[in-house]
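Colleague: For reference, the sequence and a predicted model appear below.
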Amino acid sequence: MSTFQELPAASSNAWSNEELMSAVQAYLGMLRFELKGEYYNKAEINRQLRDGPLTCRTKASVEFRMQNISAALYELKMPYIVGYLPARNIGSAVKEKMVGLLRQNDIEFLMPYVPTADTDALSAKVSSLRKQTYLKMPPGSKHPQLAIKTMSSYLRDPAVKAWVLEAAKGVCEGCDRPAPFIGNDGLPYLEVHHVMPLASHGSDTPTNAVALCPNCHRRCHYSNDSDEFKLRLYEKIERLRLEVPEPIDAGTYESIDANLT
Ligand SMILES: [Zn+2]
Ligand SMILES: [Zn+2]
């Protein structure tokens with residue numbers, strides 16, 4: 001008789017908000033351990049819940065709630081506890097309810113894991129994940145979602161780019177080393193960088209453009225000494241003229257992955 005009642009039957013009475021919230025909070029606690037690579041005991045936490053706030057629930061129904069929470073996290077593109085596979089057959093109402101309860105908790109620690117199409121946001125997330133003490137090999141996504149980005153780009157003068165590249169004669173104007181390889185056009189591969197970014201209203205002229213090897217180019221965009229590096233370029237390359245920056249155009253930013261400028 002009692003074993004029959006313990007089955008997570010459809011007739012079992014609905015969970016209260018308080019009950020659901022205690023499951024969500026226990027889940028998030030376990031997820032924190034999981035992401036830190038620390039040990040925790042799922043069965044023990046399940047038992048503690050049933051000794052406490054979920055006193056009239058069965059082990060299996062608590063497990064099923066945990067899988068509901070995994071499904072909600074999956075929906076949010078956030079990591080979930082691998083041992084609780086997202087429940088597949090839950091209705092959108094339940095999922096929404098779980099998402100709502102998750103959002104009432106501190107889930108900021110999950111934000112770095114959420115995929116993004118924004119290059120700058122991606123870099124920030126990657127940096128914050130790399131600074132964590134533990135990173136387990138993630139499952140990733142077999143079919144990453146395609147995001148349509150609206151991007152503004154400046155019209156670039158091919159003659160300026162060609163002239164700057166030819167003037168460099170196959171040698172990086174940053175480090176004076178030869179181009180690292182021959183490009184698929186048969187010419188030494190260097191990249192043209194605008195010392196005052198176009199987005200800051202820098203000009204597209206030979207006096208604001210330099211030919212750099214990929215390492216020096218990335219250094220201009222991403223290094224912690226990019227300002228000093230830029231000053232050295234101004235000192236070193238006679239044709240460069242200092243330009244006054246203006247506020248960056250809204251919606252445009254220079255990202256080396258998006259457009260090598
Ligand atoms: Zn270089
Ligand atoms: Zn650049």
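Modeller: Received it, and whenever you're ready, just let me know what you need. Ligands and ions are numbered 1, 2, ... in the order given.

Colleague: all contacts plus neighbour counts: C-alpha atoms, from now on.
Modeller: Noted.

Colleague: can you tell me the average pLDDT over stretch 168-185?
Modeller: In this model, stretch 168-185 has a mean pLDDT of 97.

Colleague: how close does Arg57 sit to Leu31?
Modeller: Distance, Arg57 to Leu31, using CA to CA, to the nearest Å: 22 Å.

Colleague: Can you get me a residue count around the closest residue to ligand 1 within the stretch 51-200 of the chain?
Modeller: Per CA to the ion, Cys175 is where the stretch 51-200 of the chain lies closest to ligand 1, at 4.0 Å. Neighbour count for Cys175, taken as other CA atoms under 10 Å: 12.

Colleague: repeat for Ile69
Modeller: Neighbours around Ile69, by other CA under 10 Å: 30.

Colleague: Most proximal residue of the stretch 101-250 of the chain with respect to ligand 2?
Modeller: His193 (3.9 Å).

Colleague: Dihedrals phi and psi, that residue?
Modeller: When read as degrees, to the nearest 10, the backbone of His193 gives phi -120, psi 140.

Colleague: Show the pLDDT at it.
Modeller: His193 is assigned a pLDDT of 97 by the prediction.

Colleague: Please apply the same query to the one 4 residues further on.
Modeller: Reading off the confidence values, Pro197 has pLDDT 93.

Colleague: ditto for Gly52
Modeller: Reported pLDDT for Gly52: 95.

Colleague: which residue ranges form the strands in this structure?
Modeller: Along the chain, counting by DSSP state E, strands occupy 191-194, 209-212.

Colleague: how about a markdown table for these, with mean neighbour count and distance to ligand 1 added?
Modeller: A markdown table is the format used below for these (neighbours: other CA atoms under 10 Å; distance: least, CA to the ion, whole Å):
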| stretch | mean neighbour count | distance to ligand 1 |
| --- | --- | --- |
| strand 191-194 | 22 | 10 |
| strand 209-212 | 28 | 5 |
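
Colleague: so the residue of the stretch 101-250 of the chain closest to ligand 2 sits right up against Thr205, yeah?
Modeller: No. With contact defined as CA atoms under 8 Å, His193 does not reach Thr205; the gap is 10.9 Å.

Colleague: helices and strands around the lengthiest helix in the chain, which ones?
Modeller: When the chain is parsed with DSSP state H, its longest helix is helix 17-36. Here helix 17-36 touches helix 42-51, helix 59-75, helix 92-103, going by 3 or more CA pairs under 8 Å, 6 or more residues apart in numbering; DSSP states H and E.

Colleague: per the record, what domains does this protein have?
Modeller: 4-8+12-112, 158-236 (automatic domain parsing).

Colleague: And the last one, end to end?
Modeller: End-to-end distance of domain 158-236 (CA to CA): 24 Å.

Colleague: And that domain, how far out from the chain middle?
Modeller: 28 Å (CA atoms, centre = their mean, to the nearest Å).

Colleague: Could you do the longest one as well?
Modeller: Its chain's C-alpha centre and that of domain 4-8+12-112 lie 25 Å apart, by CA atoms, centre = their mean.

Colleague: Point to the residue nearest the middle of the protein.
Modeller: Taking CA atoms, centre = their mean, the centroid of the chain lies closest to Leu122, which sits 3.4 Å from it.
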